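> Need coordinates for the below:
(one chain, ligands or ions: 1)
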Amino acid sequence: SKDHLVIFTPSGKRGHFPTGTPVLTAARQLGVDLDSVCGGRGICSKCQITPSYGEFSKHGVTVAPDALTPWNAVEARYDDKRGLKKGRRLGCQATVQGDVVIDVPAESQVHKQVVRKRAEVRDIIMNPSTRLYYVEVAEPDMHDPSGDLERLTAALRRDWDLPHLEADLGVLTTLQAALRKGEWKVTVAIHLGDAVFSPRIISIWPGFYEGTIYGLAIDLGSTTIAGHLCDLQTGEVIASCGMMNPQIRFGEDLMSRVSYGMMNPTGAAEMTTAVRDGMNALFDQITGEAEIDRQLIVDAVFVCNPVMHHLFLGIDAYELGQAPFALATSDAISLRASELDLNLHPAARIYLLPCIAGHVGADAAAVALSEAPDKSEDLVLIVDVGTNAEILLGNREKVLACSSPTGPAFEGAQITNGQRAAPGAIEHVQIDPVTKLPRFQVIGSDLWSDEDGFDAAIAQTGISGICGSGIIEVIAEMRMAGILDGPGLIGSAEQTGSPNCFPDGRTHSYLLFDGTAHGGPKIAVTNTDVRQIQMAKAALYSGARLLMDKFGVDKVDRVVLAGAFGAHISPKHAMVLGMIPDVPLDKVTSAGNAAGTGARIALLNTDARREIETLVHKIHKVETAIEPRFQEHFVNASAIPNAVEPFPILNS
Ligand code: FES
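From the prediction side, this is the model:
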């Protein structure tokens, strides 16, 4: 028979095939990424393609309308039942009859690109660790005795070219019933293996399983835990949930949890149980919201700081509370869900990203994975602001990392009227340069405090305090309005010309809001609050500055603010305070929850796991505690914006 030219788009791969070759077969031979779960049996419909007809001058071919066979019975049946989009064909049914150009739409690619969310810098290409395969298995035969599992794995090897497969006990206990119920046709979920696990069947369904399987990307923070449930075939986020970390009852911050563990013989174990219980509660919430069976969750990726990492795994975090801050292991970890008492599919794989160092955890590794400083042409400074600032500085040449003890002031803690970011918290502040009077916005309303309708709008929530981003803005505004001087002292009403400055002990405070007439709070910024922020921002800046020293530069090209808090900080105010180095404001971006994004990347693409495992070894760790220059930078950075360094861009 005659050979025909077959060209696939968008890959551009091409070859010659005899009349009657199924499109799926041609695709496979050319290494074109065309999905199939049923192995070409016309059941799964994952192999959909769109043939193009007409003239293709670029390729020098003319495609006649009969270049593929017309619809066959399988396609007609499928269209009847499910509907086939206009122009679509099943690649395993349509066969080549002439020269043809065939487009493989994104959804028919195994390694499809996941739709990028706002603020995400890199594309996610699907390459999940666990996949579904449909097979038809030989029936047992008295004359050729073999076990059901052996015949199943033989069929999988034959149809899918898979390596030697093992099966979990859970699969063995359900295998025989599934094979017989499905009349020797089954769908299996196979974990394709990693450094720890060999390829394994982890779940089995009789017949063709029409549904999907899921994975979880979890950002296990010291304050909150956030999870995203993803479809492991499409990469789509199906549901997202968040909750408070139940370990909070053992201590607000990490060091108090470490000391709880030191002071109580069962402390570490209690905290491990608490976080795992919390995790299971989160799974309840997220599977409830998505209305799926938790047994369908077969993979989960966790990112967390080193203390959470250890406590989650059941490792005492004692060593992390003291120099030299040795981790039990900094490598990535692969486990089964059942080993951590997690209520998912018992064979679900758990993957923890590697830690960078004793103070720079898997969460920072996840940020490195999502922000990819190692692929950046320009020099990028990435700060993940929390109670500890985790800082990365790098470009294609090298990447440095450190953490700096900013303390909880940026989260509104240890601030007189500070509070968490929640309805009722002041989050944005402006001070009029002439009247020196403040106006502000409260979480829960878009109106400014001097606009009509503001009182009515916040009647529900009230005004309860000031959150982290609010405190940064008000202090920066005070500095710009001349209410606060460079060293950080609030002036008196006479000195500043602001009626809102009032004596407060031996210093002065600045009144933001007085609700006392209506039984509300009086919200002011005290000089102690200013000091707290000065310390926190000095820690952050000197960490960044130290990395710049080590890199041998005195400026960076751009700054990325990561973390939930980073998403709310105003770059201008951060720079007025001297929190971050002087760069043009349009070079400061927010990455949102970059650690969570990193977890999702690692969940959906196993190559990304290898990538970050390699990258953490290359990241150069800088320990701020033993660097003399850190102290020097810290002292200079305590002034607003800085005692010695000019901020030329800021001042222009
Ligand atoms: Fe399953 Fe074509 S490969 S329907």
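
> now the strands for the stretch 251-400 of the chain?
Using DSSP state E, counting those that start in this stretch, the strands of the stretch 251-400 of the chain run over 297-304, 333-336, 349-352, 380-384, 389-394, 399-404.

> from the chain's centre, how far out does the helix or strand just after the last one sit?
If I follow you right, that is strand 399-404. As assigned by DSSP states H and E, the chain's next helix or strand after strand 399-404 is strand 425-431. Computed by C-alpha atoms, centre = their mean, to the nearest Å, the chain-centroid distance of strand 425-431 equals 29 Å.

> Listing partners with orientation, what would you give for strand 425-431?
strand 438-442 (antiparallel), strand 465-466 (parallel) (DSSP bridges).

> residues making contact with it?
Strand 425-431 is contacted from outside by 412, 419, 421, 437-443, 448, 463-467, 469-470, 473-474, 477-478, 480-481, 483, 512-513, 523, 568, 570, using C-beta atoms under 8 Å, 6 or more residues apart in numbering. C-beta here means a position set from N, CA and C on the backbone, and glycine is covered the same way.

> do stretch 172-187 as well
37, 132-139, 148-149, 152, 167, 204-209.

> Closest residue of the stretch 51-200 of the chain to the ligand?
Residue nearest to the ligand within the stretch 51-200 of the chain (C-beta to the nearest ligand atom): C92, separated by 3.3 Å.

> would you list the strands of the stretch 251-400 of the chain in CSV and tack on mean neighbour count?
Below are the strands of the stretch 251-400 of the chain laid out as CSV (neighbours: other C-beta atoms under 10 Å):
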stretch, mean neighbour count
strand 297-304, 28
strand 333-336, 18
strand 349-352, 24
strand 380-384, 27
strand 389-394, 28
strand 399-404, 25
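
> Of all these, which one is nearest A639?
strand 399-404 (17.4 Å; C-beta to C-beta).

> for the record, mean pLDDT for that closest one?
Regarding strand 399-404, the rounded mean pLDDT is 94.

> Hmm, L311 is touching V258, no?
No. L311 is not in contact with V258 according to C-beta atoms under 8 Å; the separation is 9.0 Å.

> Tell me which of the two has more neighbours.
Neighbours were counted for L311 and for V258 using other C-beta atoms under 10 Å; L311 has more, 32 against 25.

> ok, the closest residue in space to that one that isn't next to it in sequence - contacts?
Take L311 and drop its neighbours on the chain: the residue closest to it by C-beta to C-beta, 6 or more residues apart in numbering is M271, 4.9 Å away. Neighbour list for M271: Q247, F250, R257, Y260, G261, L311 [criterion: C-beta under 8 Å, 6+ apart].

> Relative to the ligand, which of the residues you listed is nearest.
L311 (45.1 Å).

> For the protein, which residues are neighbours of the ligand?
The chain comes close to the ligand at residues 24, 36, 38, 40, 42-47, 90-92, as judged by C-beta under 6 Å from any ligand atom.

> Give me the neighbour count for P646.
Neighbourhood size, P646 [other C-beta under 10 Å]: 10.

> Tell me if it really is in a strand.
No. P646 is assigned coil when assessed by DSSP: H, G, I helix; E, B strand; the rest coil, not a strand.

> how close does it get to the ligand?
From P646 across to the ligand, the span is 65 Å (C-beta to the nearest ligand atom, to the nearest Å).

> For the closest residue to that residue other than its chain neighbours, which residues are in contact?
Here the nearest residue to P646 in space, its sequence neighbours aside, is D582; by C-beta to C-beta, 6+ apart that works out to 7.8 Å. Shown in contact with D582 (C-beta under 8 Å, 6+ apart): K555, M575, E645, P646, F647, P648, I649, L650.

> and D582, that's in a strand?
No. Counting by three-state DSSP, D582 falls outside a strand, being coil.

> Can you name the residues that contact T624?
Taking C-beta under 8 Å, 6+ apart, we find T624 in contact with C402, S403, S404, P405, S542, G543, L546, F630.

> Tell me where the model's unsure across this structure.
Applying pLDDT under 70 to the chain flags residues 1, 116-121.

> Can you give me the separation between V553 and the ligand?
According to C-beta to the nearest ligand atom, V553 stands 54 Å off from the ligand.

> Most neighbours out of the contacts of D582, which is it?
With neighbours defined as other C-beta under 10 Å, the most crowded of the contacts of D582 is M575; it has 22 neighbours.

> looking at it, that residue is touching F647, isn't it?
Yes. Between M575 and F647 there is a contact under C-beta under 8 Å: 7.0 Å.

> List the residues that contact whichever residue of the stretch 451-600 of the chain sits closest to the ligand.
Using C-beta to the nearest ligand atom, R600 is the residue of the stretch 451-600 of the chain that sits closest to the ligand, at 27.4 Å. Shown in contact with R600 (C-beta under 8 Å, 6+ apart): I124, A217, H228, C230, V237, V301.

> Kindly recompute the last result at 7 Å.
A217, H228, C230 (C-beta atoms under 7 Å, 6 or more residues apart in numbering).

> Tell me which residues are up against stretch 51-60.
The contact list for stretch 51-60 (C-beta under 7 Å, 6+ apart) reads I7, T62, V63, P65, A67, L68, R89, V100, V101, I102, D103.

> typo on my end, stretch 228-237
114, 124, 126, 128, 130, 212-217, 238-240, 286, 290, 299, 596, 600, 603-604.

> which one is V114 nearest to, not counting chain neighbours?
Counting by C-beta to C-beta, 6+ apart, G235 is the residue found nearest to V114 once chain neighbours are left out, at 3.5 Å.

> hang on, I meant E477
Excluding its sequence neighbours, the residue lying closest to E477 (C-beta to C-beta, 6+ apart) is I431, at 4.1 Å.

> From the ligand, how far off is L447?
According to C-beta to the nearest ligand atom, L447 stands 55 Å off from the ligand.

> what about the residue lying closest to that residue once chain neighbours are set aside, how many neighbours?
Leaving aside its chain neighbours, L447 sits nearest to F454 (4.5 Å; criterion: C-beta to C-beta, 6+ apart). F454 is flanked by 19 other residues according to other C-beta under 10 Å.

> what's F454 in contact with, if anything?
S445, L447, W448.

> Likewise for L311?
Listed by C-beta under 7 Å, 6+ apart, the contact partners of L311 are Q247, A268, M271, T272, V275, A317.

> Please verify my assumption that the first one contacts R257.
Yes. Under the contact definition of C-beta atoms under 7 Å, Q247 touches R257, with a separation of 6.0 Å.

> got any residues that touch both of L311 and V258?
Listed as contacting both L311 and V258 by C-beta under 7 Å, 6+ apart are A317.

> Among the contacts of R600, name the ones in strands.
Using DSSP state E, the subset of the contacts of R600 located in strands is A217, H228, C230.

> what about V588, distance to A389?
Counting by C-beta to C-beta, to the nearest Å, the gap from V588 to A389 is 15 Å.

> what about R151, which SS state?
Reduced to three states with three-state DSSP, the structure at R151 is helix.

> Let the chain start at 45 from now.
Will do, 45 is the new start, and the previous item becomes R195.

> wait, doesn't it sit right on E183?
No. At 8.1 Å, R195 does not count as touching E183 under the criterion of C-beta under 7 Å.

> Between these two, tell me which one has more neighbours.
Each of R195 and E183 has its neighbours counted (other C-beta under 10 Å); R195 has more, 19 against 10.
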